[in-house]
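Participant: Fold the following.
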Amino acid sequence: MRSVLERLLQIVLITLISGFAFAGDPVMVWVGFSDETLKHQQAVAVDDAKKDIANGELIIKGFGLPPLPEEKDFRAKILAKYHIREGSLGCIVDDLSQVYVNAYNAVVNVEIARRYGKDFWKKVDAEVEKSSKEQTPSAQGVSKK
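Facilitator: Here you go, the predicted structure:
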């Protein structure tokens with residue numbers, strides 16, 4: 001019990017000390033989980049990803065603040081065409097959650113590549129960039145006087 005309390009205290013102290021001064025970058029928190037715990041978390045993530053795929057859900061998980069609202073809207077609309085959505089686990093990242101996200105996304109990315117090709121994410125990034133350029137005032141024919 002004390003070990004869990006010590007880990008929670010570490011997370012709280014690191015969070016307070018950091019002051020969220022990283023402007024959207026995830027704050028890494030190391031709390032020293034055992035290799036056995038990390039392997040278990042990895043197995044849980046793989047199982048979760050397989051279940052989500054079997055249920056028709058493709059979710060990419062991540063950390064940190066989301067992109068700017070305009071970019072997020074473009075990206076969400078583009079991903080929706082492929083029935084993919086993104087989810088954030090927040091800004092505080094410990095090694096356990098990082099292992100989970102990496103393992104989960106690895107399984108989902110294999111499925112995405114199988115369905116849509118290995119260059120899928122390059123295509124999405126290009127579509128987001130194209131959409132954002134099309135939405136700028138100069139691209140819509142607004143003159144600069």
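
Participant: Residue 91 against residue 62, yeah?
Facilitator: No: when contacts are counted by Cβ atoms under 8 Å, residue 91 is not listed as touching residue 62 (10.8 Å). C-betas here are computed from N, CA, C, even on glycine.

Participant: Show me what secondary structure element comes after the lengthiest helix in the chain.
Facilitator: Counting residues, the longest helix in the chain under DSSP state H turns out to be helix 95-116. Where DSSP states H and E defines the elements, the next helix or strand beyond helix 95-116 is helix 120-134.

Participant: Same question for that following helix: list its buried residues.
Facilitator: For helix 120-134, a neighbour-count test (16 or more other Cβ atoms under 10 Å) marks 120, 124, 127-128, 131-132 as buried.

Participant: Over to stretch 50-63?
Facilitator: Taking 16+ other Cβ under 10 Å as the neighbour-count basis, stretch 50-63 is seen to contain the buried residues 52-53, 58, 60-61, 63.

Participant: helices or strands up against the longest helix of the chain?
Facilitator: Where contact means 3 or more Cβ pairs under 8 Å, 6 or more residues apart in numbering; DSSP states H and E, helix 95-116 is packed against helix 35-54, strand 58-62, helix 120-134.
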